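S.K.: Need coordinates for the following:
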Amino acid sequence: MKIEQIYTGCIAQAAYYLESKGEVAIFDPLREVQPYIDKAEKDGAKIKYIFETHFHADFVSGHVDLAQKTGAKIVYGPTAQPEFEALIATDNQEFKVGDYTIKAIHTPGHTMESTCYLLIDENQKSYGIITGDTLFIGDVGRPDLAQALVSDLTQEKLASYLFDSLRNKIMPLPDDLIVFPSHGAGSACGKNMSKETTDTLGNQKKTNYALRSDMSREEFIAELLDGLGAPPAYFPQNVMLNIQGYSSLDTVMEKSLKPLSPKEFEAIANTSEAIILDVRSEHDFVKGHIPNSIFIGIQGNFAPWVGALIRDVKQPLLLVTPQGKEEETVTRLSRVGFDGVLGYLKDGFDSWKKEGLETATIESIAPEEFAVAKNEQSKVIDARKPGEFSAERVEGAVNIPLDDVNEKFNEVPKDSFFLHCAGGYRSVIMASILKSRGIHNFINIEKGMSGIRETTVPLTKFICPSTLA
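M.R.: Predicted structure coming up:
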């Protein structure tokens, strides 16, 4: 069977391309659809179907644009009610793509319309299953993202539906079936996803906690909901874009890729509600940036951090990018629904400096300098996730995860403190947010915990009780 996983690491998302006898099916496409069209043309094939496993929350799908450009039919599973033309499949409905058969298997739980697609080859043998967010490698989809769409749904009800879907629809399938999920490690759609992006169903039955055969419904629900934090703020907005439709990416690119001179950039910043988003490296940002700009470097998990921290996908943005990265930045923002880019600083930050306009810096020190400067009275803020903090931390440090900086802003010390994360990326994001809100009484630690670990700074480490004598 000819099926290709197209994985986009920055949002930990997998789309799929299936081709047979000049016909193509695309599963869960990204917002930028031209690569799928080009691939089909290269194969001398035509895109026939666009299969959606569910209404995605963590990214804007390319289904609407791709259908308009190719004439392919959009397919959703039972109960889906999109506000555009689509084929709503019935449970077990089959679709032909060349010699291959695709069977829709309704698997509610992650969302009510969630549907897996069984891939059957030319010999009528079940080859693989595209599981969307129903089943990941090492995990299953979180059951709390559809509550806002249906008033009487709870995460407990959704988890119960998912228990039934996995045991009645997925686990009875052949062990040699290849599992093709929509996400891998790093996605906020699950808790414990593997770095692997495919596996056999048989191996998942042995290793995935959620597929234990001796697990009761109550145990499943308890384990699935344990430690489940609030979903990123932009998720419900992306769901609505995927249900209602959106502007063509071509239109977004044409509007957003507008070069602005420093004076034009400054004028728009001063007369609009636009946020200045600086996507250069953290090393460049700390050395110099436009005052009150927010740093989220494009080299990291850029789009998810934008969505988690800026929150409103309609927020107008002005971009400061490395030269040549303007189109990539706009594209990656569009993947999570941020279509409100007003333009970018022409010739980058250097042009701002040449104009003699005001700049700002972030005080940063090397880990070795921190080791010398730290004393018993020093306050240390750790911007990592709670699990990272629990495993190993600077003695006496306080955890304010970057994810929660908006909610925990009042917990930031009023007097001086040190700030760090794991490697230096997240702490600079937090530093930029703090400075934009008038907090300047901190020193950033370069390289974060990875550098601190190599110094004499005392650390507190979690010791598993089972290792104690």
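S.K.: what about the helices in the stretch 51-200 of the chain?
M.R.: Remark: helices assigned in the stretch 51-200 of the chain by DSSP state H, counting those that start in this stretch are 63-70, 155-165.
S.K.: Could you list every helix and strand in contact with the shortest one?
M.R.: Counting contacts by 3 or more CB pairs under 8 Å, 6 or more residues apart in numbering; DSSP states H and E, the secondary-structure elements packed against helix 63-70 are helix 34-42, strand 46-51, strand 73-76. C-beta: built from backbone N, CA, C; applies to glycine.
S.K.: The second one pairs with which strands, parallel or anti?
M.R.: It stands for strand 46-51. strand 23-27 (parallel), strand 73-76 (parallel) (DSSP bridges).
S.K.: Just say which of those is most tucked in.
M.R.: strand 23-27 (a mean of 25; mean count of other CB atoms under 10 Å).
S.K.: buried stuff in stretch 51-68?
M.R.: Buried residues in stretch 51-68, counted by 16 or more other CB atoms under 10 Å: 51-67.
S.K.: and that stretch, how far apart are its ends?
M.R.: 15 Å (CA to CA, to the nearest Å).
S.K.: Out of the helices and strands packed on helix 63-70, which one sits most buried?
M.R.: By mean count of other CB under 10 Å, the helices and strands packed on helix 63-70 have strand 46-51 as the most buried, with a mean of 23.
S.K.: Other residues contacting it?
M.R.: The contact list for strand 46-51, computed with CB atoms under 8 Å, 6 or more residues apart in numbering, reads 22-29, 36-37, 40, 63, 66-67, 70, 72-75, 95, 97, 102, 117, 130.
S.K.: I'd like to check which residues are in contact with the closest residue to Gly44 other than its chain neighbours.
M.R.: Excluding its sequence neighbours, the residue lying closest to Gly44 (CB to CB, 6 or more residues apart in numbering) is Gly22, at 6.3 Å. Remark: with contacts taken as CB under 8 Å, 6+ apart, Gly22 is in contact with Asp43, Gly44, Ala45, Lys46, Gly98.
S.K.: got it, and Asn242?
M.R.: Glu52, Phe55, His56, Val60, Ser61, His63, Pro82 are the contacts of Asn242 under CB under 8 Å, 6+ apart.
S.K.: Just the ones in strands from those, please.
M.R.: Secondary structure defined by DSSP state E assigns none of those to strands.
S.K.: need those in CSV with distance to Val341 and pLDDT, can you?
M.R.: Output for those, formatted as CSV (distance: CB to CB, whole Å; pLDDT from 0 to 100):
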residue, distance to Val341, pLDDT
Glu52, 26, 98
Phe55, 25, 96
His56, 21, 96
Val60, 15, 97
Ser61, 20, 97
His63, 22, 98
Pro82, 26, 97
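S.K.: Out of the residues you listed, give me the two with the largest separation.
M.R.: Greatest spatial distance among the contacts of Asn242 (CB to CB): Val60 and Pro82, at 13.3 Å.
S.K.: Low-confidence ranges, the stretch 1-150 of the chain, go.
M.R.: 147-150 (pLDDT under 70).
S.K.: re the thing from before, nearest to Ile381, out of the contacts of Gly22: which one, please.
M.R.: Asp43 (52.5 Å).
S.K.: count of neighbours near the closest one?
M.R.: 14 (other CB atoms under 10 Å).
S.K.: can you pull the pLDDT of Gly229?
M.R.: pLDDT, Gly229: 77.
S.K.: Tell me who's in contact with it.
M.R.: Asp403.
S.K.: switch the cut-off to 10 Å
M.R.: Listed by CB atoms under 10 Å, 6 or more residues apart in numbering, the contact set of Gly229 reads Arg142, Asp144, Ala188, Lys191, Lys385, Pro386, Pro401, Asp403, Asp404.
S.K.: How about the fifth one, nearest residue that isn't a chain neighbour?
M.R.: What that stands for is Lys385. Pro401 (5.4 Å).
S.K.: That neighbour is in contact with Ser390, isn't it?
M.R.: No. Pro401 is beyond contact range of Ser390, at 11.5 Å (criterion: CB atoms under 10 Å).
S.K.: More neighbours: which of those two?
M.R.: Pro401 (20 against 13).
S.K.: what's the first-to-last distance across stretch 171-187?
M.R.: 24 Å.
S.K.: ah, wrong one, I meant stretch 85-100
M.R.: 24 Å.
S.K.: How about that stretch, which residues are buried there?
M.R.: Buried, per 16+ other CB under 10 Å, within stretch 85-100: Ala86, Ile88, Ala89, Gln93, Phe95, Val97, Gly98, Tyr100.
S.K.: Could you save the helices of the stretch 51-200 of the chain as a markdown table and add columns showing distance to Gly229?
M.R.: Output for the helices of the stretch 51-200 of the chain, formatted as a markdown table (distance: least, CB to CB, whole Å):
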| stretch | distance to Gly229 |
| --- | --- |
| helix 63-70 | 28 |
| helix 155-165 | 12 |
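S.K.: Nearest to Asn292 among the ones you listed would be which one?
M.R.: Going by CB to CB, the one of the helices of the stretch 51-200 of the chain nearest Asn292 is helix 63-70, 34.4 Å.
S.K.: Can you give the contact residues for that closest one?
M.R.: Against helix 63-70 from outside (CB under 10 Å, 6+ apart): 24, 26, 28-34, 36-37, 40, 46-52, 56, 62, 72-76, 82, 84-86, 241-242, 244-251.
S.K.: Can you give me the domain boundaries for this protein?
M.R.: 3-237, 247-354, 364-461 (automatic domain parsing).
S.K.: quick revisit: from the buried residues of stretch 85-100, which two are the most distant?
M.R.: Between all members of the buried residues of stretch 85-100, the farthest pair (by CB to CB) comes out as Ile88 and Gly98, at 23.2 Å.
S.K.: can you map out the strands along the stretch 151-300 of the chain?
M.R.: For the stretch 151-300 of the chain, strands defined by DSSP state E, counting those that start in this stretch occupy the ranges 178-181, 199-200, 259-260, 275-278, 294-295.
S.K.: could those be laid out in a markdown table, adding mean neighbour count and distance to Leu318?
M.R.: Listed next are the strands of the stretch 151-300 of the chain as a markdown table, based on neighbours: other CB atoms under 10 Å; distance: least, CB to CB, whole Å:
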| stretch | mean neighbour count | distance to Leu318 |
| --- | --- | --- |
| strand 178-181 | 25 | 36 |
| strand 199-200 | 18 | 43 |
| strand 259-260 | 16 | 8 |
| strand 275-278 | 23 | 5 |
| strand 294-295 | 24 | 10 |
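S.K.: Generate CSV for those strands, with distance to His440 and mean pLDDT as supplementary columns.
M.R.: Shown next, in CSV, are those (distance: least, CB to CB, whole Å; pLDDT from 0 to 100):
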stretch, distance to His440, mean pLDDT
strand 178-181, 44, 98
strand 199-200, 49, 98
strand 259-260, 27, 98
strand 275-278, 17, 98
strand 294-295, 15, 98
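S.K.: Relative to Ser427, which of these is closest?
M.R.: Between the strands of the stretch 151-300 of the chain, strand 294-295 lies closest to Ser427; by CB to CB that is 10.3 Å.
S.K.: tell me what the helix or strand following that closest one is packed against?
M.R.: Following strand 294-295 in sequence order, the next helix or strand is helix 302-310 (DSSP states H and E). Judged by 3 or more CB pairs under 10 Å, 6 or more residues apart in numbering; DSSP states H and E, helix 302-310 is in contact with helix 235-244, strand 275-278, strand 294-295, helix 326-334, helix 425-436.
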